[in-house]
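# model the structure of this input:
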Amino acid sequence: GSGYQTSHSVQITMAIIKSGKVVIVLAGRHAGKKAVVVKTIEDGDDDKHFSHCLVAGIARGPRKVTRGMSKNMVEKRSRTMKPFVKYINVRHVFPTRYVVDMDLKKAVDEADLASAERKVDVKKGLKKIFEDKYLNQKAVTSEKKAAGSNYFFQKLRF
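Numbering: from 1, shown residues only. As a prediction, this is how the structure comes out:
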């Protein structure tokens, strides 16, 4: 690639980190939170001289739901989700074995991340997508994708 040095381990990681992959953020204020890879930038660019990826994740998950709750209650408790979007060094994410089928490429337009106001709109869009996905988990076709989205919305126990 470009003139920046990438170690072997990063190259292996890059092979694993594809868009749609669920990762756990290891560093920074979203450490321990789950995110979905939107896009990977293999050898860095002019701005960031390292392999990094754009991730969209959940800063605050949906609240606990029990069987006795009414539909309205369930919906209300699902609305507490708060998304985040950020570029992150691939060394600071931990790829999991799960994949989700959310098409986030359209929702997260990279041009919109440059300005603060537009980033807010991006997050609003993400919130909508995450909520719809969370409430319609039953409608997922394949078992693998269902497991992924189930895992993505679970709180990480650590």
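# which stretches in this structure count as helices?
8-16, 71-78, 116-135, 143-153 (DSSP state H).
# just put these in a markdown table and tack on distance to A59 and mean pLDDT.
Heads up, the C-betas are built off the backbone N, CA and C, glycines and all. Listed next are these as a markdown table, based on distance: least, Cβ to Cβ, whole Å; pLDDT from 0 to 100:
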| stretch | distance to A59 | mean pLDDT |
| --- | --- | --- |
| helix 8-16 | 23 | 80 |
| helix 71-78 | 15 | 93 |
| helix 116-135 | 9 | 93 |
| helix 143-153 | 13 | 89 |
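# so which of those helices gets nearest R60?
R60 lies closest, by Cβ to Cβ, to one member of the helices of the chain: helix 116-135, at 10.5 Å.
# give the buried residues for stretch 19-35.
Buried residues in stretch 19-35, counted by 16 or more other Cβ atoms under 10 Å: 19-25, 30, 33-35.
# with just CA atoms, put that stretch into CSV.
Extracted C-alpha coordinates of stretch 19-35, given in CSV (Å, rounded to 0.1, in the frame of the first residue of the first chain):
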residue,chain,number,x,y,z
SER,A,19,-18.5,-3.9,6.7
GLY,A,20,-21.4,-5.4,8.6
LYS,A,21,-19.1,-7.1,11.2
VAL,A,22,-19.9,-6.5,14.8
VAL,A,23,-16.9,-5.2,16.7
ILE,A,24,-16.2,-4.2,20.3
VAL,A,25,-14.5,-0.9,20.8
LEU,A,26,-11.5,-1.3,23.1
ALA,A,27,-10.3,2.3,23.6
GLY,A,28,-11.6,5.7,24.2
ARG,A,29,-14.9,6.8,25.7
HIS,A,30,-16.9,4.1,23.9
ALA,A,31,-14.6,1.3,25.2
GLY,A,32,-16.6,-1.8,25.8
LYS,A,33,-19.4,-0.8,23.5
LYS,A,34,-20.4,-2.7,20.4
ALA,A,35,-20.4,-1.2,17.0
